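S.K.: model this:
(one chain, ligands or ions: 1)
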Amino acid sequence: MTGRLTFPPDFVWGAATAAYQIEGSTTVDGRGPSIWDTFAHTPGRVLGGDTGDVAAEHYRQFRSDVALMAELGLPAYRFSVSWPRVQPGGRGPANQAGLDHYERLVDELLGHGITPVLTLYHWDLPQELEDLGGWGARDTASRFAEYSRLVAERLGDRVPMWTTLNEPWCAAFLGYASGEHAPGHTDPALALRAAHHLLLAHGLGVEALRAELPAGAQVSVTLNLSAVMPGATSPEATDAVRRIDGLANRLFLDPLFRGHYPADVQRDTSALSDWSFVEDRDLAVISQPLDVLGINYYAPTLVDAGEPKEGPSPWPACEHVRFVDQPGPTTAMGWAIDAQGLRAVVHRLHEEYAPIPLMITENGAAFDDQLAPDGVRDHERISYLRDHLTVVHQAIESGVDLRGYFVWSLLDNFEWAYGYSKRFGIVHVDYPTQRRVWKDSAYWYRQVITTNGIDTA
Ligand code: GBH
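M.R.: Numbering: from 1, shown residues only. Take a look at the predicted model:
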């Protein structure tokens, strides 16, 4: 059965990127090193020894990239600001040359009628702050608020949508517990502390933004939320779901929207940490009202009781949880393709954490694209995007306040620990020449935007 699904007239269509993944030019205009420079330059950390030194050269090519966005018909563009461009050491006065760059980018976007959606922290902590304890140090949260103020002072009159953090779960648990991401620590107790300081940074950042931004500017945070489902029907599997849901979702949602930490997570982790890093006023700061919640969704998570993988885990106190491979198709990341997880996530938020307007700030897939002489035939990506947009449409129809959708990603880019081996872009990047080649999904997405709808398969 084929048909058409039309979205609400004010639905926001966009594409997303992040500074370290696309910019390159890591030593110009006074930029200091971030933890990702250090990590990527440490042998063995990133596949193939890849680094973000050059990436998609977007720092130099931003004007032609904005022209590309305009050709795509993109109404909105989500990007992140690199903290060490604005404050090379993470503290002190602003580096004007760094802010100048983002001002030029924002003006270029506005000049093309594209709404800038700005994320302040997409994982590139200034290395000097990591040397002082990184997210394990409470002071880093105050430094983040100061940095937020500097960016808002410069761009507050022009940027209507602000996000404090991208995926604090990843920053805390991949960065400080499993060590798969920068700064590469493997200390679960430190990761819990880091998660709290990230949330505190968010709260203090919101205070700084509210003080600086004009009325009407929207403030949000972006979480990577999982639909955690049992791989079996047993009390042990139910307990595994509770634990993973607790750490992946409720550890962030409850402090943000209910003003307290989930008691079961605190109990489960009490042998690792006494949680004394949580001070009296912190939860009031963390739970200030937001205008929007950003959701990044890629795949559902299936868990059961059992032995976990060898090696350091991003899941504290989950020694008896096993991640189960879901049968069926997967992306090049090995992640299951299943849009029903997105449905579960948005309905859960609507039912348990409402009222908060939602925005899908990332959704997309990596596939092993074959570059043909005349483009890239990425029909798998098109069907992934179409399936997920169908779910978005259904959610809106059933009353979920879902206001926009950003595809990850505009361009192929530095996929963190996987380097350049994974391609999420709707536009292909030929790294040796830095040539941009539209994939079929880019043409398809342009059609989605111009018609404000999708054809269902
Ligand atoms: C996003 O992270 C990032 O915001 C973006 O920068 C990145 O390029 C993009 O996705 C694609 O990866 O296997 O136990 O870690 C998403 C990261 C991937 C984290 C799936 C959680 C599954 C749980 N998420 N992962 S686990």
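S.K.: does any part of stretch 248-267 sit near the ligand?
M.R.: No. Stretch 248-267 lies apart from the ligand when judged by Cβ under 6 Å from any ligand atom; the minimum separation is 7.4 Å. Quick note: C-beta positions are derived from backbone N, CA and C, even for glycine.
S.K.: So what touches that stretch?
M.R.: Contacting residues not belonging to stretch 248-267 are listed as 168-169, 195, 199, 202, 221, 223-226, 228, 242-243, 246-247, 275, 278, 283-284, 286-287, 290, 293, 301, 349, 353, 356 [Cβ atoms under 8 Å, 6 or more residues apart in numbering].
S.K.: what is the rounded mean pLDDT of that stretch?
M.R.: Across stretch 248-267, pLDDT averages out at 98.
S.K.: cool, stretch 338-351 as well?
M.R.: 98.
S.K.: now what about it, what contacts it?
M.R.: By Cβ under 8 Å, 6+ apart, stretch 338-351 touches 225-227, 229, 253, 293, 295, 297, 299-301, 326, 328, 356, 358, 360, 363, 387-388, 390-392, 394-395, 398-402.
S.K.: Close to the ligand: what parts of the stretch 101-250 of the chain are there?
M.R.: Checking the stretch 101-250 of the chain against the ligand by Cβ under 6 Å from any ligand atom, the hits are Asn166, Glu167, Cys170, Asn224.
S.K.: For these, give me TSV that also has pLDDT.
M.R.: As requested, those are exported to TSV (pLDDT from 0 to 100):
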residue	pLDDT
Asn166	99
Glu167	98
Cys170	99
Asn224	97
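S.K.: For the residues you listed, give me CSV that also has secondary structure and neighbour count.
M.R.: Converted to CSV, these look like this (DSSP: H, G, I helix; E, B strand; the rest coil; neighbours: other Cβ atoms under 10 Å):
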residue, secondary structure, neighbour count
Asn166, strand, 24
Glu167, coil, 24
Cys170, helix, 19
Asn224, strand, 20
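S.K.: residues in contact with the residue most central in space within the chain?
M.R.: The chain has Asn166 as the residue nearest its centroid, 4.1 Å off, counting by Cα atoms, centre = their mean. Counting by Cβ under 8 Å, 6+ apart, Asn166 touches Ala18, Ser80, Thr119, Tyr121, His122, Trp123, Thr222, Asn296, Thr361.
S.K.: And it, how far from Trp408?
M.R.: 11 Å (Cβ to Cβ, to the nearest Å).
S.K.: Quick check: neighbours shared by these two?
M.R.: Here Asn166 and Trp408 share the contacting residues Asn296, scored by Cβ under 8 Å, 6+ apart.
S.K.: How far away from the center of its chain is the lowest-mean-pLDDT helix or strand in the chain?
M.R.: Least confident element among the helices and strands of the chain, by mean pLDDT, DSSP states H and E: strand 371-372 (a mean of 90). Per Cα atoms, centre = their mean, to the nearest Å, the displacement of strand 371-372 from the mean C-alpha position of its chain is 29 Å.
S.K.: Name every sheet partner of that strand and say whether each one runs parallel or antiparallel.
M.R.: With DSSP bridges as the test, strand 371-372 is paired with strand 375-376 (antiparallel).
S.K.: which other residues reach the strand it pairs with?
M.R.: Residues contacting strand 375-376 (Cβ under 8 Å, 6+ apart): Asp369, Gln370, His428, Val437, Trp438, Lys439, Asp440.
S.K.: Secondary structure element holding Arg63?
M.R.: Counting by DSSP states H and E, the element that carries Arg63 is helix 58-72.
S.K.: can you tell me the average pLDDT over that helix?
M.R.: pLDDT averaged over helix 58-72 gives 99.
S.K.: which strands and helices sit next to the next helix or strand after that helix?
M.R.: Using DSSP H and E, the helix or strand that directly follows helix 58-72 along the chain is strand 76-80. Applying 3 or more Cβ pairs under 8 Å, 6 or more residues apart in numbering; DSSP states H and E, one finds that strand 76-80 contacts strand 12-16, strand 115-121, strand 161-166, strand 402-408.
S.K.: highest average neighbour count across those?
M.R.: With neighbours taken as mean count of other Cβ atoms under 10 Å, these reach their highest mean count in strand 161-166, at a mean of 26.
S.K.: In contact with His320: list those residues for me.
M.R.: Contacts of His320 by Cβ under 8 Å, 6+ apart are Glu236, Ala240, Ala305, Gly306, Glu307, Pro308.
S.K.: residue contacts, the last one?
M.R.: Counting by Cβ under 8 Å, 6+ apart, Pro308 touches Trp315, Cys318, Glu319, His320, Val321, Arg322, Phe323.
S.K.: what's the farthest-apart pair in the residues you listed?
M.R.: Taking Cβ to Cβ, the two most distant members of these are Glu319 and Phe323; they sit 13.1 Å apart.
S.K.: Can you pick out the residue with more neighbours from these two?
M.R.: When Glu319 and Phe323 are compared for neighbours, Phe323 comes out ahead with 18 against 10, by other Cβ atoms under 10 Å.
S.K.: Please name the bridge partners of the more buried one.
M.R.: Bridge pairing for Phe323 - DSSP bridges - gives Val303.
S.K.: please begin residue numbering at 174 from this point
M.R.: All right, first residue 174 from here; so that's Phe496.
S.K.: my read: it touches Ala472, true?
M.R.: No. With contact defined as Cβ atoms under 8 Å, Phe496 and Ala472 do not form a contacting pair (11.2 Å).
S.K.: returning to that earlier point: which of the contacts of stretch 421-440 are buried, as a ChimeraX select command?
M.R.: This is the ChimeraX syntax for the buried subset of the contacts of stretch 421-440, where burial follows 16 or more other Cβ atoms under 10 Å:
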select :341,342,368,372,375,394,396,397,398,399,401,415,416,419,420,451,456,459,460,463,466,474,522,526,529
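S.K.: The contacts of stretch 421-440 in helices, which ones?
M.R.: Judged by DSSP state H, the contacts of stretch 421-440 include Pro341, Trp342, Ala368, Leu372, His375, Arg415, Arg416, Leu456, Ala457, Ile459, Leu522 as members of helices.
S.K.: between the contacts of His493, which is closest to the ligand?
M.R.: The ligand lies nearest to Pro481 out of these, by Cβ to the nearest ligand atom, at 10.1 Å.
S.K.: Where does the prediction get shaky in the stretch 374-523 of the chain?
M.R.: Nowhere does the stretch 374-523 of the chain drop to pLDDT under 70.
S.K.: now do 90
M.R.: Across the stretch 374-523 of the chain, residues meeting the criterion (pLDDT under 90) sit at 481-482.
S.K.: Leaving out the residues flanking it, which one is nearest to Pro341?
M.R.: Leaving aside its chain neighbours, Pro341 sits nearest to Leu371 (4.0 Å; criterion: Cβ to Cβ, 6 or more residues apart in numbering).
S.K.: Read off the pLDDT value for that neighbour.
M.R.: We have a pLDDT of 99 for Leu371.
S.K.: which ones are touching it?
M.R.: Taking Cβ under 8 Å, 6+ apart, we find Leu371 in contact with Trp308, Ala314, Leu338, Pro341, Ala344, Ala345.
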